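J.: what's the 3D shape of this:
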Amino acid sequence: MDRSVFLSDIDGTLVRGDVLPAPEVVQAAGVFRAAGGLLSLCTGRSVEGARPVAESLGVDAPCVLYGGAALYDFSADRFLWSVPFSPRILDCMEQLLREFPHLSLQALTEQGSFVLRRNALLNAKGVRAENRGPEVPLSALPLPILKLVLCGEDREELENCRRCFPPELCCFTFSSRHFVDVVSGETGKARAMAELAERLEIPLSRCLCAGDGMSDLPMLKQAGIAYVPANAPEEVRAAADLVIPPADSGGMAAAFLHGARWISKTMQPT
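T.: Below is the predicted model:
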């Protein structure tokens, strides 16, 4: 029979804030798996940032992490695929640190998450598992780097720092009003979802996706079914096949249950 996989964003979609999914969302995820669907995550978070959510939901497929820069198998605890930056990214980071002193900068690597500079907003709203330890100098970062996270109060300042990241090298996307994700220009969530689907031998038409940010939009557009929270930006909502309640109302429970019903209707015996 035809298999399906559900890829869900975490922040702003599954949860709002650094918490675990609500019990009704976890229960609905179990219903989806019981219907025969595979469950994955497609998130900007690192391994350490995504692991508690993956464990709480019982994901049973490799996950898209680092904003599409890697596939990670939590059951085997290993990377399956990755698209890191070229070493040229260090020059971009040096320029950002020099020209935008109010922005925080995090570098996410296979060896862990490193903070080059903090600010109050990162401490208040960032993923705690990725914001630990002392600030590290650029020269001490292990290479390669999979993803950068920028954070600042001023949206215009964040937009202006785009000039530090040439488009032929980087994909620069707002994940929320105050956070920017930067990954290699050769990848992104849609590219990584296609890689996962190929590895699972599942057509994109049987990939169900949920997301709330601009970084999710390409993934949502190529999915078989797209779920978007009601409080997402208008451009993202326009890509939805089903608009669901916001994360803080447990909206992903509705998405998982809808997906389970869809699987039951569309699965064909071999």
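
J.: quick one: the helices in the stretch 51-200 of the chain?
T.: 89-99, 120-125, 155-160, 189-200 (DSSP state H, counting those that start in this stretch).

J.: Off-centre distance for the first one?
T.: Okay, so that is helix 89-99. Centroid separation for helix 89-99 versus its chain: 24 Å, with C-alpha atoms, centre = their mean, to the nearest Å.

J.: For the worst-scoring helix or strand of the chain on mean pLDDT, buried residues please.
T.: Between all helices and strands in the chain, the lowest mean by mean pLDDT, DSSP states H and E belongs to strand 170-176, at a mean of 93. Buried positions in strand 170-176, judged by neighbour count with 16 or more other C-beta atoms under 10 Å: 170-176. Using the backbone N, CA and C atoms, a C-beta is placed for each residue, glycine as well.

J.: and it, which strands flank it?
T.: Applying DSSP bridges, strand 170-176 is found paired with strand 179-184 (antiparallel).

J.: Can you tell me which of the helices of the stretch 51-200 of the chain is packed in deepest?
T.: helix 189-200 (a mean of 20; mean count of other C-beta atoms under 10 Å).

J.: In terms of secondary structure, what does the following helix or strand past that one contact?
T.: Note on helix 189-200: by DSSP states H and E, the next helix or strand toward the C-terminus is strand 207-210. Judged by 3 or more C-beta pairs under 8 Å, 6 or more residues apart in numbering; DSSP states H and E, the packing partners of strand 207-210 are strand 5-8, helix 189-200, helix 217-222, strand 225-229, helix 252-266.

J.: Turn these into TSV, including mean pLDDT and distance to residue 40.
T.: Below are these laid out as TSV (pLDDT from 0 to 100; distance: least, C-beta to C-beta, whole Å):
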stretch	mean pLDDT	distance to residue 40
strand 5-8	98	5
helix 189-200	97	7
helix 217-222	96	11
strand 225-229	98	14
helix 252-266	96	12
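
J.: Indicate which one of those is closest to residue 15.
T.: Minimum separation from residue 15 across these (C-beta to C-beta) falls at helix 252-266, 8.7 Å.

J.: now the angle from the closest one to strand 225-229?
T.: 170 degrees (axes from the mean of the first three to the mean of the last three C-alpha atoms, to 10 degrees).

J.: What are the buried residues along helix 252-266?
T.: For helix 252-266, the neighbour count (16+ other C-beta under 10 Å) marks 252-260, 262-263 as buried.

J.: Check stretch 15-25 too.
T.: Judged by neighbour count using 16+ other C-beta under 10 Å, the buried positions of stretch 15-25 are 15, 21-22, 25.

J.: and for that stretch, what are the contacting residues?
T.: With contacts defined as C-beta atoms under 8 Å, 6 or more residues apart in numbering, stretch 15-25 is touched by 14, 29, 52-53, 56-57, 125-128, 246-248, 250, 252-253, 256.

J.: Could you measure from the residue positioned nearest the centre of the chain over to residue 253?
T.: Nearest residue to the geometric centre of the chain (C-alpha atoms, centre = their mean): residue 43, 1.5 Å. To residue 253, residue 43 is 18 Å away according to C-beta to C-beta, to the nearest Å.

J.: With residue 227 instead?
T.: Taking C-beta to C-beta, one finds residue 227 at 11 Å from residue 253.

J.: Where does pLDDT dip in the chain?
T.: The model of the chain has pLDDT under 70 over residues 1, 268-270.
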